[in-house]
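Visitor: need a structure here:
(2 chains)
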There are 2 protein chains.
Amino acid sequence: MTAFRRLTLIGVGLIGGSLARAVRGACREIVGCGRNPEHLRRAVDLGVIDRYTTDAAEAVSGADMVVVAVPLLSMPAVFLAMRDALTPEAVVTDAGSAKGFVITAARSALGSALPRFVPGHPIAGTEKSGVEASFAELFRDHRVVLTPLPETTPEALTRVRALWDLTGAKVVEMDARHHDTVLAATSHLPHMLAYALVDGLARMEEAEVFRYAAGGFRDFTRIAGSDPVMWRDICLANREALLSVLGRFGQHLDHLTGLIVNGDGASLEALFTRVRETRNALGRDLAGKGLEP
Amino acid sequence: MTAFRRLTLIGVGLIGGSLARAVRGACREIVGCGRNPEHLRRAVDLGVIDRYTTDAAEAVSGADMVVVAVPLLSMPAVFLAMRDALTPEAVVTDAGSAKGFVITAARSALGSALPRFVPGHPIAGTEKSGVEASFAELFRDHRVVLTPLPETTPEALTRVRALWDLTGAKVVEMDARHHDTVLAATSHLPHMLAYALVDGLARMEEAEVFRYAAGGFRDFTRIAGSDPVMWRDICLANREALLSVLGRFGQHLDHLTGLIVNGDGASLEALFTRVRETRNALGRDLAGKGLEP
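Guide: Residues are numbered from 1 along each chain as shown, chains lettered A, B, ... in the order given. Have a look, this model is predicted:
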């Protein structure tokens, strides 16, 4: 079954590459676009894409589906570069972690193509990056959030849903602002904590500190190995929501610190018990959905 | 080879149970002691211990090796209860996460047995607790830190080293204060961050927030499922070192937050790049030691 005649990926890294691998059989052709020809050649060698170009306009020409999977701050320029080359039936979507920012960029750059743009975000990833790290199962049983605009046509939405359905993901719709708050809390904030933690440890006089890290620490800091440019862009593009959850986190950490200062064992035990129950309910919830082994 | 005639475990949970399973073949008898007869019977049924008592004095009678693996705040009473029943050749060690606290308790409670006490800490664990979660391989390739006192006899130290060698752990010696600082930074602090994070998310209006948690978040918060009493005791027993690293972490998080407030993309990218290099070097280091898959 050929669901898509020509799928164009702007950005062929972990996300773009994994999407290509997952929907390969449903596309007559997959075209890759990026800035680095060496990376793109590698994607062809790996069988992830059929051909490539470093020119966004050339890449989208003749495509019926375009997926933009580049770091957030690169998106405005990509939208501008491809706008005039989009065919009238082309549907455009993206994979950015901050929908408010992407929507603002799309509104100012996409022009008459705006109704065929469906903002999207696959909530999946690893701390690795690049097409070499991509794999077809990345999105299976993960959520993909779509935040359609008032202008978005039902046909465009249906096409983008169909694309992600092919990956085994669970597609949901959400208000863009709500998405940005939820992602700030569950993804962007934990990354900031891991970055600040590892940064702090690296500066400690006790240079051998990392040698005494047990399993929990390794799990905790794995996300601090994520792509720096992607995370720089998330910080800048979702600044407002991220600062809000950082502020609230600071209050909760101050509260916990106060209990330790006061030696309030009863309140500490009550807090830890409550959190364990929340965490375990989450674990069961995720396990029931096949998201956790 | 029977290295130990009678090994007594005060506390038969994840740590005590896993130690028993690992050294089973080198002990003529393993006696368990705890407060809950039902848990202890379960440990006998699982083949982890040979017999049990809820009386610490009775438990250590005739033992040549005693391991105290109970939450930190229970240790002073355990030391007092067993002191007069220890045989003259009995060696005592513990598995507590805060050595300064344990040493103070031992100095005031162990009397003439003090030279045969070797403070210890196996740096291993999971977010699960109880003897049902115990397994013989828990300590393999993990570090066990011993913090001997000036009074500690070489013979006692040799015996405790021999015990942990049987588990496949890597035994190292360290100053108690240094241990407490390093553990505060690499273990106690990350646990506090995970507790504060999950606590904060649970209070958010966006009640479905947990549904949008991806892999990194699950890894990050897994440790928030750890035993509340154990962690209450760690907060109280390692209070000084923990407050110190919490203060330093706050400074690093404030710095990162300031970069986001200022929209300083260049500094954010530099910070994330530096942290990724540190984290990846850690990953390689651990991989080289067989600690990480």
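
Visitor: From here on, just use CA atoms for contacts and neighbour counts.
Guide: Will do.

Visitor: Okay, the most centrally placed residue in chain A and chain B: tell me how far apart.
Guide: Geometric centre of chain A, nearest residue: residue A:97, 4.7 Å, by CA atoms, centre = their mean. Distance, residue A:97 to chain B, by CA to the nearest CA, to the nearest Å: 12 Å.

Visitor: and the residue lying closest to that residue once chain neighbours are set aside, helix, strand or coil?
Guide: Distances taken as CA to CA, 6 or more residues apart in numbering or on different chains place residue A:121 nearest to residue A:97, at 6.0 Å, with adjacent residues excluded. Under DSSP: H, G, I helix; E, B strand; the rest coil, residue A:121 falls in the strand class.

Visitor: where along the stretch 1-150 of chain A do the strands fall?
Guide: Ranges of strands in the stretch 1-150 of chain A, per DSSP state E, counting those that start in this stretch, are A:4-10, A:27-33, A:51-53, A:65-68, A:91-94, A:117-118, A:120-122, A:143-146.

Visitor: Which of those strands has the highest mean neighbour count?
Guide: Across these, averaging neighbours per residue (mean count of other CA atoms under 10 Å in any protein chain shown) puts strand A:117-118 on top, at a mean of 27.

Visitor: Average pLDDT for that strand, rounded please.
Guide: Mean pLDDT, strand A:117-118: 98.

Visitor: Kindly report the same for stretch A:171-179.
Guide: Across stretch A:171-179, pLDDT averages out at 96.

Visitor: which regions of chain A lie under the pLDDT threshold?
Guide: A:1, A:206-207, A:214-216, A:283-293 (pLDDT under 70).

Visitor: Can you tell me the closest non-neighbouring residue to residue A:259?
Guide: Closest to residue A:259 by CA to CA, 6+ apart is residue A:268, at 6.5 Å.

Visitor: show me what contacts that neighbour?
Guide: By CA atoms under 8 Å, 6 or more residues apart in numbering or on different chains, the contact set of residue A:268 is A:256, A:259, A:260, B:232.

Visitor: How about residue A:235?
Guide: A:188, A:242, B:260.

Visitor: ok, 7 Å please
Guide: Going by CA atoms under 7 Å, 6 or more residues apart in numbering or on different chains, residue A:235 touches residue B:260.

Visitor: check which helix or strand covers it.
Guide: Here residue A:235 sits within helix A:228-237, counting by DSSP states H and E.

Visitor: returning to that earlier point: can you add neighbour count and secondary structure and give the contacts of residue A:268 back as CSV?
Guide: Formatted as CSV, the contacts of residue A:268 follow (neighbours: other CA atoms under 10 Å in any protein chain shown; DSSP: H, G, I helix; E, B strand; the rest coil):
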residue, neighbour count, secondary structure
A:256, 20, helix
A:259, 18, helix
A:260, 23, helix
B:232, 25, helix
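
Visitor: Quick check: chain neighbours aside, which residue is closest to residue A:70?
Guide: Nearest residue to residue A:70, sequence neighbours excluded (CA to CA, 6+ apart): residue A:11, at 5.0 Å.

Visitor: May I ask you to confirm that that neighbour is in contact with residue A:72?
Guide: No: between residue A:11 and residue A:72 there is no contact under CA atoms under 7 Å: 11.2 Å.

Visitor: Comparing these two, which shows the higher neighbour count?
Guide: Per other CA atoms under 10 Å in any protein chain shown, whichever of residue A:11 and residue A:72 has more neighbours is residue A:72, with 27 against 23.

Visitor: if you skip the residues just before and after it, what's nearest to that one?
Guide: residue A:233 (5.5 Å).

Visitor: Could you pull out the helices in chain A for me?
Guide: For chain A, the helices defined by DSSP state H cover A:14-23, A:37-45, A:56-60, A:75-83, A:99-109, A:154-165, A:176-183, A:189-202, A:215-222, A:228-237, A:239-261, A:265-288.

Visitor: by contact count, what packs against the fourth one?
Guide: Pointing back at helix A:75-83 there. helix A:56-60, helix A:99-109 (3 or more CA pairs under 7 Å, 6 or more residues apart in numbering or on different chains; DSSP states H and E).

Visitor: just the angle between it and strand A:4-10, please?
Guide: 140 degrees (axes from the mean of the first three to the mean of the last three CA atoms, to 10 degrees).

Visitor: tell me which parts of the stretch 101-250 of chain A are close to chain B?
Guide: A:123-124, A:182, A:185-187, A:190, A:195-201, A:209-210, A:212-214, A:216-217, A:219-220, A:223-226, A:228-229, A:232, A:235-236, A:239, A:249 (CA under 7 Å from any CA of the partner chain).

Visitor: Of those residues, grab the buried ones for ChimeraX.
Guide: Filtering those down to the buried ones (16 or more other CA atoms under 10 Å in any protein chain shown) takes a single ChimeraX command:
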select /A:123,124,182,185,186,187,190,195,196,197,198,199,200,201,209,210,212,213,214,216,217,219,220,223,224,225,226,228,229,232,235,236,239,249
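
Visitor: that older thread, what about the residue nearest to residue A:259, distance to residue B:204?
Guide: In this view, residue A:268 and residue B:204 are 20 Å apart by CA to CA, to the nearest Å.

Visitor: Same check on residue A:250?
Guide: From residue A:250 to residue B:204 the distance is 14 Å (CA to CA).

Visitor: So those two - more neighbours on which side?
Guide: residue A:250 (18 against 14).

Visitor: And the furthest pair within the contacts of residue A:268?
Guide: Spanning the widest gap among the contacts of residue A:268 are A:256 and B:232, at 11.1 Å by CA to CA.

Visitor: Figure out which of the strands of the stretch 1-150 of chain A is closest to residue B:7.
Guide: strand A:143-146 (51.0 Å).

Visitor: Packing partners of the closest one?
Guide: Here strand A:143-146 touches strand A:120-122, strand A:170-173, going by 3+ CA pairs under 7 Å, 6+ apart.

Visitor: What are the buried residues along the longest one?
Guide: The reference is to strand A:170-173. Here strand A:170-173 shows A:170, A:171 as buried, counting by 16+ other CA under 10 Å.

Visitor: Show me what it is packed against.
Guide: For strand A:170-173, the packing partners by 3+ CA pairs under 7 Å, 6+ apart come out as strand A:143-146.
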